[in-house]
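# Give me coordinates for this.
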Amino acid sequence: MLIAGQGCVINVSCIKGSKPQPGLTSYCMSKAGLEMLTKSAALELARFGVRVNAVSSSFLNTNLYRVAGLTELENESVMQKEADTNPMGRCATVEEVCHAIVHLTSQHSKKMTGQIVNVDGGKHLTVRG
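Below is the predicted model of the structure:
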């Protein structure tokens, strides 16, 4: 269906696909594998007009840690630490990641394939993941 419709695939990764973190080996490996799948599939499917890209974010402002049991104070502490280590001084939002995904599906990016688009405020440029 993708090949018939000149479609696109957008994978969702995160900074841990390129920046390892102790204690998260399996997660980091899965994201690194997803990023290589993105590049390999892009190369294989390009001749059919199918584009394959990924969006990679750093820490997102979601309810993840609240659901995991952190108190509001603990959650705010995690958010502040992440913001303090981000070049843009804040965490990314889910909406910002969604905008990147929508852009990659649009005609504005019809020549983009095999890309890992970082929506992370420059975090991938820093030493700490």
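
# tell me the contacts of the residue sitting nearest the centre point of the chain?
Taking CA atoms, centre = their mean, the centroid of the chain lies closest to S56, which sits 1.6 Å from it. Listed by CB atoms under 8 Å, 6 or more residues apart in numbering, the contact set of S56 reads 13-15, 17-18, 31, 35, 116-120, 124. Any C-beta I mention is one placed from the backbone N, CA and C, and that applies to glycine too.

# Pipe these into a markdown table and attach neighbour count per row.
Shown next, in a markdown table, are those (neighbours: other CB atoms under 10 Å):
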| residue | neighbour count |
| --- | --- |
| S13 | 22 |
| C14 | 24 |
| I15 | 21 |
| G17 | 24 |
| S18 | 16 |
| K31 | 23 |
| E35 | 18 |
| I116 | 18 |
| V117 | 19 |
| N118 | 21 |
| V119 | 21 |
| D120 | 24 |
| H124 | 18 |
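
# Name the next helix or strand following the helix or strand hosting T38 along the chain.
Using DSSP states H and E, T38 falls within helix 25-45. Per DSSP H and E, helix 25-45 leads on to strand 51-57 as the next helix or strand towards the C-terminus.

# tell me the helices in this structure, going along the chain?
2-5, 25-45, 64-67, 72-84, 94-105 (DSSP state H).

# pLDDT value on K31, please?
What the model reports for K31 is a pLDDT of 97.

# So it sits against K19, correct?
No - assessed by CB atoms under 8 Å, K31 is found out of contact with K19, at 9.6 Å.

# can you list contacts of the worst-scoring helix or strand of the chain on mean pLDDT?
Lowest by mean pLDDT, DSSP states H and E among the helices and strands of the chain is helix 2-5, with a mean of 75. Helix 2-5 has contacts (CB under 8 Å, 6+ apart) with C8, V9, L45, F48, G49, V50.
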